[in-house]
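Asks: Take a look and give me a structure for this.
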Amino acid sequence: QQAGSTSQVSAELRISSPAPMSVHGDGYGPGSEVFGAVERGDEAATLAWLVVGGEINVKVQVGSVRGITLLMTAARHGHERLVGVLLGRNAGIQCQDSDGESALMIAIAGGHEVIAYKLLACGADLALRNNAGRTALMVAAGKGLGETVKRLLQRGADANQKNKDGGTAMMYAANAEVLGLLLKHGGEVNLQDLRGSTALMLAAGSGQEQIVELLLQSGADVDRQDNDGGTALIQAAIEGNERIIEMLYLADADLELQDAKGVSVLMYAVIHGHEGLVQMLLEMDQWEDLFGQQDVSGKTALIFAAFWNRPAIVRHLLESSYNIRAAKTQRPSFALQMAKEQGHVACVEILEKHLEGLMVMAAAERGDAEAVRAWLDGGGQASATFELGYENELSLLMIAADNGCEEVVDLLLQSGAEVDQEDSDGRTALQMAKANGHAKCVEAVRTYLGEVAGRSKAPPAVGERAGATSASSGEGGAEAEPNS
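Replies: Residues are numbered from 1 along each chain as shown. Got it, this is the predicted structure:
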């Protein structure tokens, strides 16, 4: 039989190529040289091969992919004229390789839009799916090819068709133009894939701000959860995308939602070390409710920060506690234990300092005079101030007076606590006690103030008078001894 005869070259050829999807002719079997010509865009050589009886739909195997045709090869390499030549000779436009890819899908994947238009004009089947269930529309959407997407939709491509993973073209949309076209042709914004992901979740996780904005405007469910409980907020938090977090928050996203493991938006921001995002979340309206959230194993955002050695975030979380109860809900003792176990020295130092203050504040709040006395005996200052939140600077006297703990108020006054100290809002301990109707604490402070005032007005003692007289006389330059 003559080399190049139809019976010889119509069989599927096997080619071993070091570069997948790249064929270079010589030595790969009878007739395989034509694929090298097509790859180069050599129309003359391709036509010459066909003229002598070469099969238009001859197929080769490249690597693990079988069933590759001349038309697919020309489409892959963007040879527009050669594609036209092959189509003119009735090349199989609906052929699919062993991965299920057609010439149309291959052209679109390579961004060769003019070739895709030629294939469409010649009747390429829009409904063909590759082995993963993806259609030409999904491929075009993922490449962001607006004009190709438009033409596919105009020819009847289904905007809501799903691949084997449940994904739709909208989930793959690479830009707002493509998304807008899909929406215009009936694309549904809240469809979920087999993992429960929506287009909004995927866009939020990949930082596509314009797509997120358009989806929200088109009615996307901002709090929809996937099979693992994840949300668009959580996806954005993992990536640390503050702009998308803000967009979702303004669309009324629930900051408190937790995934199936109990991990929250704040926790994910902490775990991934997004310090700016943590601070941003702590400034939002719902921030007070985020501190005490625990995952299924009881870990809080503070514990995660200690475990992952995020000292700056540890400090942010501690300083943002708006009251003692909120500070305690973060489980700082467990966070300290975690930091010690991991050897995170900076976190240990911050937590130890905070815990010392938190324990004595809690004692003052609950009226535990013995605990406060022990702290004072250990070197604590009666007028020491503590920060709770960004705008509070509280003394123990303020805390005790605010909570009506008379015994602690008395102890602190006797220990020299400053009565006139003010918090960041300009309130004193006396004003706090009065505002909350703690009459005994008000009386204790007023009595103390009266005693101080009385001592300042009392006449000097005999020794004090004698010393003053002697000093004023200037005789001898020394104070006279008091009379015995």
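Asks: quick one: contacts for residue 275?
Replies: 310, 312-313, 316 (Cβ atoms under 8 Å, 6 or more residues apart in numbering). To be clear about C-beta, it is placed using only N, CA and C from the backbone, and glycine gets the same treatment.
Asks: gap between it and residue 240?
Replies: Separation of residue 275 from residue 240 (Cβ to Cβ, to the nearest Å) stands at 9 Å.
Asks: Over to residue 213?
Replies: Relative to residue 240, and taking Cβ to Cβ, residue 213 is found at 19 Å.
Asks: With neighbour numbers in mind, choose between those two.
Replies: A count of neighbours by other Cβ atoms under 10 Å puts residue 240 above the other of residue 213 and residue 240, at 18 against 15.
Asks: Export the contacts of residue 275 to a markdown table and append columns for distance to residue 146 and pLDDT.
Replies: Formatted as a markdown table, the contacts of residue 275 follow (distance: Cβ to Cβ, whole Å; pLDDT from 0 to 100):
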| residue | distance to residue 146 | pLDDT |
| --- | --- | --- |
| 310 | 42 | 98 |
| 312 | 43 | 96 |
| 313 | 42 | 97 |
| 316 | 43 | 90 |
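Asks: Return the members of those residues classed as buried.
Replies: Buried members of the contacts of residue 275, scored by 16 or more other Cβ atoms under 10 Å, are 310, 313, 316.
Asks: Hmm, residue 171 is touching residue 195, no?
Replies: No: using Cβ atoms under 8 Å, residue 171 is not in contact with residue 195, being 10.8 Å away.
Asks: out of those two, which sits in the busier spot?
Replies: Between residue 171 and residue 195, counting by other Cβ under 10 Å, residue 171 is the more crowded of the two (25 against 13).
Asks: Tell me, how many residues neighbour residue 435?
Replies: Residue 435 has 12 neighbouring residues, counting by other Cβ under 10 Å.
Asks: Quick check: end-to-end length of stretch 100-111?
Replies: End-to-end distance of stretch 100-111 (Cα to Cα, to the nearest Å): 18 Å.
Asks: ok, now stretch 33-50?
Replies: Using Cα to Cα, the span of stretch 33-50 from its first residue to its last is 12 Å.
Asks: That one: how far from the chain's middle?
Replies: Remark: stretch 33-50 is offset 51 Å from the chain centroid, using Cα atoms, centre = their mean, to the nearest Å.
Asks: For it, buried residues please.
Replies: For stretch 33-50, burial by neighbour count (16+ other Cβ under 10 Å) applies to 33-39, 41-43, 45-47, 49-50.
Asks: what is the rounded mean pLDDT of that stretch?
Replies: Stretch 33-50 shows a mean pLDDT of 93.
Asks: do the same with stretch 139-158
Replies: On average, stretch 139-158 scores 97.
Asks: Pull the residues that contact it.
Replies: Contacts for stretch 139-158 (Cβ under 8 Å, 6+ apart): 105, 108-109, 111, 113, 116-117, 120, 126-127, 135-137, 159, 169-170, 172-175, 177-178, 181-182, 184-185.
Asks: what about it, how long is it end to end?
Replies: Using Cα to Cα, the end-to-end distance of stretch 139-158 comes to 13 Å.
Asks: which helix is the longest one in this structure?
Replies: The longest helix of the chain (DSSP state H) is helix 345-366.
Asks: Please name every helix or strand in contact with the helix or strand that comes right after that one.
Replies: Downstream of helix 345-366, the next assigned helix or strand under DSSP states H and E is helix 369-377. On a contact count with 3 or more Cβ pairs under 8 Å, 6 or more residues apart in numbering; DSSP states H and E, helix 369-377 meets helix 345-366, helix 406-414.
Asks: The longest one: which residues count as buried?
Replies: By 16+ other Cβ under 10 Å, the buried positions in helix 345-366 come out as 347-348, 350-351, 354-355, 357-365.
Asks: do the last one as well
Replies: By neighbour count with 16+ other Cβ under 10 Å, helix 406-414 contains the buried residues 406-413.
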